[in-house]
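Student: show me the folded form of this:
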Amino acid sequence: MGKLANSPVETRLAVTLFLLLIGLADLFGAWQVSNFASFTPRGVAGAVRPEEHHEMAMACCSTSTIAETPVEPASLNKPTHRIERELLVQDTHVHVPVYAMTAAFLAVIVLGLKMGSGKRALLIWLAFAAPFADFAGLWGAHVLPGAGVFFGGVAVAGGFAMGICYTIVLTLVLLQCWFLRKDARDA
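Tutor: The predicted structure is shown next:
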């Protein structure tokens with residue numbers, strides 16, 4: 001425990017490169033979220049809510065109903081992306097194990113950092129709680145669309161919590177392994 005900073009250079013290099021690569025993947029993951037969902041609770045809820053029949057779609061098929069329906073011009077060219085249940089199942093199947101492995105690797109790295117047991121436990125808890133919150137929020141917004149904004153907030157909080165955990169671990173690794181080392185031996 002707490003001996004990562006005094007590890008051989010190849011160990012510190014492997015940990016640092018792993019964290020940088022995971023960070024790159026997370027940046028592209030955030031970009032994907034901004035493209036297809038949202039960073040807001042309302043946007044997440046809208047992206048994963050079950051599909052409903054739109055009244056204009058139904059009005060076109062009825063020969064006995066003629067009504068004027070107001071349309072906002074700004075909404076005509078606004079692309080919408082929906083995450084239907086099948087895609088949510090696939091995302092869960094792929095992302096939860098990847099999240100779990102990332103959390104496990106972060107936990108192993110945290111065990112090598114110089115810090116108190118309570119701080120270690122908090123970071124490890126955060127690394128595993130974040131993905132749980134993310135997907136519990138996505139599924140909650142899908143299954144209970146009436147509480148979608150609340151669950152969307154849970155999903156957004158989970159995503160940001162993982163980012164915060166990652167940033168803390170990366171910062172501590174860089175500081176302890178490369179910048180504030182007391183033992184300068186790299187053997």
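Student: confidence-wise, which helix or strand of the chain is lowest on average?
Tutor: Lowest by mean pLDDT, DSSP states H and E among the helices and strands of the chain is helix 55-61, with a mean of 51.
Student: chain center to stretch 167-187: distance?
Tutor: In this view, stretch 167-187 has its centroid 26 Å away from the chain centroid, taken as C-alpha atoms, centre = their mean, to the nearest Å.
Student: please disregard the earlier target; I meant stretch 158-174.
Tutor: 12 Å.
Student: what residues of that stretch count as buried?
Tutor: 158, 159, 161, 162, 163, 165, 166, 168, 169, 170, 172, 173 (16 or more other C-beta atoms under 10 Å). Placement of C-beta: from N, CA and C, glycine included.
Student: out of those, which is nearest to residue 108?
Tutor: residue 169 (10.5 Å; C-beta to C-beta).
Student: SS state for the residue nearest to the closest one when sequence neighbours are not counted?
Tutor: Counting by C-beta to C-beta, 6 or more residues apart in numbering, residue 106 is the residue found nearest to residue 169 once chain neighbours are left out, at 5.4 Å. Look at residue 106: counting by DSSP: H, G, I helix; E, B strand; the rest coil, its state is helix.
Student: and the residue nearest to residue 113 when sequence neighbours are not counted, what's its pLDDT?
Tutor: Take residue 113 and drop its neighbours on the chain: the residue closest to it by C-beta to C-beta, 6+ apart is residue 172, 5.2 Å away. pLDDT recorded at residue 172 is 98.
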